[in-house]
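Engineer: quick check, what structure comes out for this input:
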Amino acid sequence: MSCKIIADLLPVSVQCLQDDNGKVRLETVQCRIEGSTPDSTSASLELILFYPRSAQRELIENAVKEGSLLRVDGRLRRYCYQDRNGAEVDKIQLVADGVEASTESSPRRSVVFMEGGVRPFPNSEFVQDNGDYKKAAFWMFTDPKSKDVHETYLTMICTAFGETASQIEKMKLCKNAHLIVTGRLEVLQSGKLGVRLYEAYYGRSKRS
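Structural biologist: The predicted structure follows:
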């Protein structure tokens, strides 16, 4: 189970860590992503590259200087640790598989492919019928994909409206059902990232 993504991001700053041989082993890029409309909230997203190629590093450095966008494909992960002051840090990161320049003018476009389990919000159904429209809303979670002890279960708020919400209602979801969904990233009012769903299907199995 995983959360794959392609997204246009605006890089803001870059930090590098070197190995014992002086080679960059980790590049961390602080990026910004915006909601689907010009007046929507923006959110920060940390981009991670392990042993980036020199061409990738140059592309990112130029994008930071010029204020241009990057198109990144990779996977989302949840990363938790204690900082030097002992404070708990809990963040979502995008671990890059590929990075290239984007021709878009704003960091709004994204495609999400997620597979995992689902859970309803407390004291809530998976789909609410408000009369004029239907809304589906629930948590979706995926397993860690690495042996890094700081990587833990990724949990995202998923929402859907209209035909997609009706489709989900017909599925008669139960807690821990195994789904495969497609959609896009959206910036929630809280400033956190969620997923706006386009399609949803049952995965290999349903878990009760």
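Engineer: nearest residue to the residue nearest the centre of the chain in space, ignoring adjacent ones along the chain?
Structural biologist: Nearest to the mean C-alpha position of the chain, counting by CA atoms, centre = their mean, stands Leu76 at 4.8 Å. The spatially closest residue to Leu76, leaving aside those adjacent along the chain, is Cys3, at 4.3 Å (CB to CB, 6 or more residues apart in numbering). Bear in mind the C-beta positions are built from the backbone N, C-alpha and C, glycine included.
Engineer: and the one you found, how close does it get to Glu163?
Structural biologist: Using CB to CB, to the nearest Å, we find Cys3 at a distance of 23 Å from Glu163.
Engineer: the protein: strands as residue ranges?
Structural biologist: Secondary structure of the chain (DSSP state E): strands located at 3-18, 24-34, 42-50, 70-82, 88-101, 110-119, 127-129, 134-142, 151-152, 154-161, 177-187, 193-206.
Engineer: what would those strands look like in a markdown table with distance to Glu61 and mean pLDDT?
Structural biologist: Shown next, in a markdown table, are those (distance: least, CB to CB, whole Å; pLDDT from 0 to 100):
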| stretch | distance to Glu61 | mean pLDDT |
| --- | --- | --- |
| strand 3-18 | 7 | 96 |
| strand 24-34 | 10 | 95 |
| strand 42-50 | 12 | 95 |
| strand 70-82 | 11 | 96 |
| strand 88-101 | 12 | 96 |
| strand 110-119 | 23 | 96 |
| strand 127-129 | 46 | 92 |
| strand 134-142 | 32 | 96 |
| strand 151-152 | 27 | 94 |
| strand 154-161 | 29 | 96 |
| strand 177-187 | 25 | 95 |
| strand 193-206 | 25 | 87 |
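Engineer: right, I'll call it a day here.
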